[in-house]
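K.L.:
coordinates only, sequence not included:
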Ligand code: NAD
C-alpha cells in the first residue's frame, strides 16, 4: 500500500488505522490506491519538519530555489503521460483535458522558477535628506495549502510553486477524492531536489487534517480552494487567529449572447464551457443569458451539440465527456436536475445516467430553457453538466441577470459591438471577463480569482500569487549622520 503522505523528505505512514480508497469514477470497480489517513497528530509532525527546514530554505538564494522548480517542470514534462492518465483515472476528465491541465501546471512551474530571479520590492524617494527607502519581499514562514479535487494537478502547483520559490515551507492537503495526482507532484519535487521539510503532504480528511491545519498557529498563511460552505467557516477561524488567508470558492458563470453575435462561435464556446470537464470547473459556463432575438437559434445549436456528445471513460480516446467525480457529486447534480424540473424550467435534453454507463457516475449533458433569474438552478452552483438558459431583452437586463447572483468568478459576452463590449467590461461584477470566448481558462502570468462570495484575499497565480506568500518590509536607511530625520517639507 502506498503511504500517500510525505513528511520531512520521506514517504510517511500515519499511525491511524483509517484508510481512504481512491476510486475511478468512470468504473467504480477500479481502485487506484488505498492510502492510510493522516490525523491531527501528523499535522503536528509535518509542521515541525517545515519549521525546522525554514531557516535554511529562507536563506537559499531565490534563483537557486527557482531552479528546483525548473527541474520539477522538466521531470513533469517527461512524466506528462503518466500524470495525465492518473489524473483522468481518479478525477474523470477526458485525457485531452488532463494533458492540458498538466501542461498548465508545467507553465506555472516555469513561470515561478523565473520569479525566483525577481522577488523584487520598490525603491522610492524619501521625504528626508540622505535617507534611502525601499521595500523588500520576504517569505511568510510555514504555510498551509488546502486543495479541491477538480484540478488535482494544476491547483496544487499554483499554490505550492509560488509558496516554495518565495522561500516558504509548506504543509499541503489534497482532496481525499484525488490524492494520487498530488502523490506524483510530491515525487517530482523530491526528484527535483527540494530539501527535506520544504514540502510536506498529508492525505487526510477535511474535518481532521484540514481543521488541524487551520487551527495551527505556526501556519502563518492558509491558502484554500474549494466550496463556499467549507471556505466560509475556514476563513473566519484562520483570520481570527491572525493568519493571512485567501479563499477561492464557487462560481455561477454566465455567457451573454447579443443579437449581433456569431451564433456558431458562441454555441461552440458555450458547449465547451458548460460540458468540458463534465462542468466540474469553477469557471464552467452554467448560465446563458441570450437576447430574445437570437435565443431560439442559439438554443437549437446548443441542444444539437449536446445530443451529439459521446460520454464514456476519459481514458477512451473517443470519449468527449467523462463522469462526475464521485457518488456525492453525481447525486447533487441529479438533485438539481429535479429542482429545475420542479421550478418549472423546460428540460430540452439530458437529465439521466445513460444505461450503458451504469458502472460510473455519468450524467448526460443537460440543458434547461425558460429559466428565470429567481430559480435555484440559475443562482446556485451545481458543478456538473447542467446549463440554464434565460432570455433578456437588452444588454442592461442581461447585465442585471448576470450580476444578480452571489458569485463573481468569470463572465463572457458574445457581440461584435465595441460599445457593448466596453459597457460589459465596466459593469460586470466578476474577477475575470472574456469577450467572444468561453468563460474558462487561466494563464500562469495572469491573476486568477473572483469577487463577491467567490473570492476573499489575494488573487492566485501571476505576481499576485507571489505577493500572498510574502511579507512586505519597508526599510529606512539614514546615512545623514544625524539622529533626526531631516524632512524636505
Ligand atoms: P470542498 O470545500 O468540499 O473541499 C476542498 C478542500 O477542503 C478539500 O481538500 C477538503 O478535504 C478540505 N476540507 C473539507 N472540510 C474541511 C474543514 N472543515 N477544514 C479544512 N479543510 C476542509 O470543495 P471540493 O468539493 O473539493 O471542490 C469543489 C469546489 O471548489 C467548488 O465549489 C468549486 O467552484 C471550487 N473551486 C474553486 C476554484 C476557484 O479558483 N475559485 C477552483 C477550483 C474549484
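P.N.:
Cool, got the structure. Please read these numbers as outputs of a predicted model, since none were measured by experiment. Numbers count the residues shown, from 1 in each chain.

K.L.:
near the ligand, which residues of the chain?
P.N.:
Proximity of the chain to the ligand, by C-beta under 6 Å from any ligand atom, involves residues 146-151, 173, 175-176, 205-207, 210-211, 214, 225-227, 230, 234, 248-251, 282, 381, 383, 409, 450, 454. (Glycine included, C-beta is placed from N, CA and C.)

K.L.:
could you redo the last one with a cut-off of 5 Å?
P.N.:
Residues of the chain found near the ligand (C-beta under 5 Å from any ligand atom) are 146, 148-149, 175, 206, 210-211, 225-227, 230, 248, 250, 282.

K.L.:
tell me how far stretch 316-335 lies from the chain's centre.
P.N.:
Taking the mean of its C-alpha atoms, stretch 316-335 sits 19 Å from the chain's own mean (C-alpha atoms, centre = their mean, to the nearest Å).

K.L.:
nearest residue to the residue in the stretch 51-200 of the chain positioned nearest to the ligand in space, please, no chain neighbours.
P.N.:
As assessed by C-beta to the nearest ligand atom, the ligand sits closest to residue 148 within the stretch 51-200 of the chain, at 3.0 Å. Distances taken as C-beta to C-beta, 6 or more residues apart in numbering put residue 226 closest to residue 148, at 4.4 Å, once the chain neighbours are dropped.

K.L.:
can you pull out the helices in the stretch 351-489 of the chain?
P.N.:
Ranges of helices in the stretch 351-489 of the chain, per DSSP state H, counting those that start in this stretch, are 376-379, 395-403, 418-427, 462-468.

K.L.:
would you list those in a markdown table and tack on mean pLDDT and mean neighbour count?
P.N.:
Formatted as a markdown table, these follow (pLDDT from 0 to 100; neighbours: other C-beta atoms under 10 Å):
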| stretch | mean pLDDT | mean neighbour count |
| --- | --- | --- |
| helix 376-379 | 98 | 20 |
| helix 395-403 | 98 | 19 |
| helix 418-427 | 98 | 14 |
| helix 462-468 | 96 | 20 |
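
K.L.:
closest one to residue 5 among the ones you listed?
P.N.:
helix 462-468 (25.0 Å; C-beta to C-beta).

K.L.:
which residues does the closest one contact?
P.N.:
Here helix 462-468 makes contact (C-beta atoms under 8 Å, 6 or more residues apart in numbering) with 112, 115, 119, 137, 158, 162, 165-166, 221, 223, 244, 246, 444-449, 457-460.

K.L.:
go again using 6 Å as the cut-off
P.N.:
115, 162, 166, 246, 445, 446, 447, 458 (C-beta atoms under 6 Å, 6 or more residues apart in numbering).

K.L.:
show me where the stretch 51-200 of the chain has strands.
P.N.:
Along the stretch 51-200 of the chain, counting by DSSP state E, counting those that start in this stretch, strands occupy 123-125, 131-139, 142-146, 169-173, 199-201.

K.L.:
using TSV, lay out these together with mean pLDDT and mean neighbour count.
P.N.:
Listed next are the strands of the stretch 51-200 of the chain as TSV, based on pLDDT from 0 to 100; neighbours: other C-beta under 10 Å:
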stretch	mean pLDDT	mean neighbour count
strand 123-125	97	10
strand 131-139	96	16
strand 142-146	98	27
strand 169-173	98	28
strand 199-201	98	28
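
K.L.:
rebuild the ones you listed as a markdown table, extending it with distance to residue 424.
P.N.:
Formatted as a markdown table, these follow (distance: least, C-beta to C-beta, whole Å):
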| stretch | distance to residue 424 |
| --- | --- |
| strand 123-125 | 37 |
| strand 131-139 | 35 |
| strand 142-146 | 34 |
| strand 169-173 | 38 |
| strand 199-201 | 41 |
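
K.L.:
out of those strands, flag the one nearest residue 337.
P.N.:
So among the strands of the stretch 51-200 of the chain, strand 142-146 is nearest, using C-beta to C-beta, at 29.8 Å.
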